[in-house]
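[1] Quick one: sequence plus predicted model below, questions after.
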Amino acid sequence: MRPFCRNRRKEQGRACRSAWAALLAAAALSACDSQRQVVPVASSDLASRALALESSNAPTAPLAPPPPVLEPGPATERLRAKSTELTQLGPQDAWAGESLPLGAPLDGEAEPAIGAGLNELVLAAVQANIPSRTARVQTAVMAEQLVQAEAAFDMLFTANGQVSRQDQPAVSVVTPSGPIDFTGNGTDVAAFGAGVQQLLSTGGTWSLSTEATRTKKLPLDSFTPNPSWQSTVTLGLDQPLLRGFGPDVALAQVKLAQNASTQSQLEFRKSLLDLVKRVEETYWRLASARQRVAAAQWLLAEGVSVRDLLEKRRGIDATDADHAEAVSVVEQRAADLVRARLDANVLTDQLKLMVESPAFPISDGCRIVPTDPPVREAVVVGLRESIVSALERNPAVLQSLLKVDAGDIQLTVAENGTLPQLDLSAEVALQGLDGGLGSSYQEVADADFVNWLVGATLAQPIGNRGPESQYRESRLQRAQAALGYRRAVDQAVTDIRMAMRQVSAGEELVGRTTTLRLAAAESMRALASYEENLAELSPEFLQLKFQRQQSMASAHMQAYNARVDLEVALASLRTAMGTGLDSYGITVESGPGPLGDVDPGLAPILTVQD
């Protein structure tokens, strides 16, 4: 009996070694997919400088020969030929659906699972996310500030009126014939005026005003005409000739307000791009976490079956140590399942917080179930095309360029501020006086009485240290803005290159890990076929089953995570290129738009194209 057992164990040992060799060979063949290359496309003139700089900094010759490319061999082709059968083994993608249990609910009530596609969640997030709506309101605030800056050049209407009476007593005059009493002097005055004035783009201010004054003096027979109307029409101009002269200085605040308004719109777009990217990443991480739960459940179920089998064989050919080892493996897998469920629940809550949609209430215990599968197909993008898109559409690059423009405006104002203050004042007034209001204005039209005034005022700080210091400060700030723009361009180019490297590597990993999963499934299938022909099962063979199960679950997660990582890399690439909203048909337009329950006013309009 004992020699028979030894022979049987030798056969099992040889079978185990053969199975291990098959597994190692299949794992080696899993790295046999052809390497894909990124095909560059032509660039536009906008990115020529950045691309030229990249080319000038690049080495002229390769530092090392390219690595060899592993071509798929016959074993890989055989695995792919049986892919339909092998993909049915081990954990399945469909197990992570709405029926996947994620532990007991917090409030004891059922937590419904709601299937949602990525497009649905992204569109809901850009409409309802509170930080996004806050940035949207800020654009409306900056638009109002622009209106306020432009309103400084609106025409100003003025009007005034005044009525007064003066009644002065007079002293008596003593004459030889006796005292003479005077009744006193009195004056009734009613003055009315109106005018307009406006700030000019040259920095000056022009004004046109008129004033009519009715005067009635007592005694009436002492003056003529009495009462009288005196009318005046005045045209004036105050114009700086040096400091403060010209549209570059006069319109500086309007230009800065326009710059700030555009920056706020870009900030809003940037917040949307970041939001879309975070929603995409969390969506795919949640899909991966649910796959991990499904794989952990499968591992636990398989482990329990092996543990129960060892329990039955205790005292036959399984020792207490073998059974304890099986219990340890099962408990470890149960702990892994608890952790996987925790991760899935946490990611669900994070995704609901990002979306903040009534369809997925945060206070409710509903769970979001991703329904979109991650990509499998190859993705080819162009490096130069991506860089051009980033320079033209990346909000961070455009914002830094606007800061350079703002620095130019402030530098122009500061340079003008170093000039002396020389202001010109000119005024011409036409007057008329008659007994009636109309006749007095007729005299104004006749221009019989013309008054004019021309003057100039000069002021200059001795040493001019303050304006000169402000000018130097503006130059330094302009230099800072230029460096910030260069940094933003470099960062955008770096983000593009890093994202493209991730896409390229992710594309290759999808093929490699897909073959890896097929190899792991083939190894499990071979072991199951071998198990059917065994007369008895040894503890060593059951331990081997534990290892194959773990390898199968690991290969499944690697294959799925490779597709998830490719999706995340593509999201990062779209964000760096500034095209993350275009993928969902979302456009941001300037103009009036409702702000919902935040505040009725003006804000960019979000348009979603079907």
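    Alright, I've got the coordinates. Residues are numbered from 1 along each chain as shown.
[2] Distance of Tyr485 relative to Thr494?
    Going from Tyr485 to Thr494 by Cβ to Cβ, to the nearest Å gives 15 Å. Backbone N, C-alpha and C define where each C-beta goes, glycine included.
[3] what about the two, which has more around it?
    Tyr485 (20 against 11; other Cβ atoms under 10 Å).
[4] Not including adjacent chain positions, what is the nearest residue to that one?
    Ser400 (4.2 Å; Cβ to Cβ, 6 or more residues apart in numbering).
[5] Kindly tell me how buried the one you found is, as a neighbour count.
    Counted by other Cβ under 10 Å, the residues lying close to Ser400 total 23.
[6] Surely it and Leu483 touch.
    No: the pair Ser400 / Leu483 is not scored as a contact, 9.4 Å apart, by Cβ atoms under 8 Å.
[7] Show me the protein divided up by domain.
    Domain ranges of the chain: 2-60+69-144+254-405+476-608, 156-199+204-243+421-459, per automatic domain parsing.
[8] now the helix ranked longest in the chain, how far from the chain's geometric center?
    Looking across the chain with DSSP state H, the single longest helix is helix 465-532. Distance of helix 465-532 from the chain centroid (Cα atoms, centre = their mean, to the nearest Å) equals 17 Å.
[9] relative to helix 465-532, how tilted is the regular element (helix or strand) spanning Trp284?
    For Trp284, the host element (DSSP states H and E) is helix 252-312. Calculated by axes from the mean of the first three to the mean of the last three Cα atoms, to 10 degrees, helix 252-312 forms an angle of 20 degrees with helix 465-532.
[10] Any buried residues in the helix or strand that comes right after helix 252-312, and which?
    Note on helix 252-312: by DSSP H and E, the next helix or strand toward the C-terminus is helix 320-355. Neighbour-count burial for helix 320-355, with 16 or more other Cβ atoms under 10 Å as criterion, is recorded at 322-323, 325-326, 329-330, 333, 336-337, 340-341, 343-345, 347-348, 351-352, 354-355.
[11] starting at the chain centroid, how far to helix 320-355?
    35 Å.
[12] and what of stretch 365-372?
    25 Å.
[13] What's the end-to-end length of it?
    As for stretch 365-372, its first-to-last residue distance stands at 22 Å under the measure Cα to Cα, to the nearest Å.
[14] what comes up buried for that stretch?
    By 16+ other Cβ under 10 Å, the buried positions in stretch 365-372 come out as Gly365, Cys366, Arg367, Ile368, Val369, Pro370, Asp372.
[15] who touches that stretch?
    When contacts are defined by Cβ atoms under 8 Å, 6 or more residues apart in numbering, stretch 365-372 is touched by residues 96-98, 100, 102, 105-107, 109-119, 121, 283-284, 286-287, 290, 345, 348, 351-352, 360.
[16] among those residues, which are in strands?
    If you go by DSSP state E, the contacts of stretch 365-372 have Ala113, Ile114, Gly115, Ala116 in strands.
[17] Now compare those and name the two farthest from each other.
    Ala113 and Ala116 (10.0 Å; Cβ to Cβ).
[18] Comparing these two, which residue is more hemmed in?
    Neighbours of Ala113 and Ala116, each counted by other Cβ under 10 Å, are more numerous for Ala116; the result is 20 against 17.
[19] residues in contact with the more buried one?
    Phe360, Ile368, Val369, Pro370, Thr371.
[20] From Pro361, how far off is it?
    13 Å.
[21] coming back round to it: so what does the helix holding Trp284 touch, helix or strand wise?
    Contacts defined by 3 or more Cβ pairs under 8 Å, 6 or more residues apart in numbering; DSSP states H and E place helix 252-312 against helix 118-128, helix 130-151, helix 320-355, strand 367-370, helix 395-417, helix 539-577, strand 586-589.
[22] Mind checking those for the one nearest to Gln442?
    helix 130-151 (37.4 Å).
[23] average pLDDT across the next helix or strand after that closest one?
    Next along the chain after helix 130-151, taking DSSP H and E as the criterion, comes strand 156-168. Strand 156-168 carries an average pLDDT of 90.
[24] From the chain's centroid, how far away is strand 156-168?
    58 Å.
[25] List the strands paired with it, with their directions.
    Sheet partners assigned to strand 156-168 using DSSP bridges are listed as strand 185-199 (antiparallel).
[26] Just the residues contacting the strand it pairs with, thanks.
    With Cβ under 8 Å, 6+ apart as the criterion, strand 185-199 contacts 152-168, 170, 205-218, 227, 234, 250.
[27] May I see the ChimeraX selection of the buried members of those?
    Remark: buried members of those, expressed as a ChimeraX selection using 16+ other Cβ under 10 Å:
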select :206,207,209,210,211,212,213,214,215,217,218,234,250
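[28] Over to stretch 316-323 now: how far is its first residue from its last?
    12 Å.
[29] what sits against Ser425?
    By Cβ under 8 Å, 6+ apart, the residues touching Ser425 are Gly236, Leu237, Asp238, Leu453, Val454, Gly455, Ala456, Thr457.
[30] Can you tell me which of these is nearest Glu532?
    Nearest member of the contacts of Ser425 to Glu532, counting by Cβ to Cβ, is Asp238, at 104.0 Å.
[31] Can you classify the closest one by secondary structure?
    strand (DSSP: H, G, I helix; E, B strand; the rest coil).
[32] Test of understanding: give the bridge partners of it.
    Thr205, Ser425.
[33] Point out the least confident member of the buried residues of stretch 365-372, please.
    Among these, Gly365 carries the weakest pLDDT, at 77.
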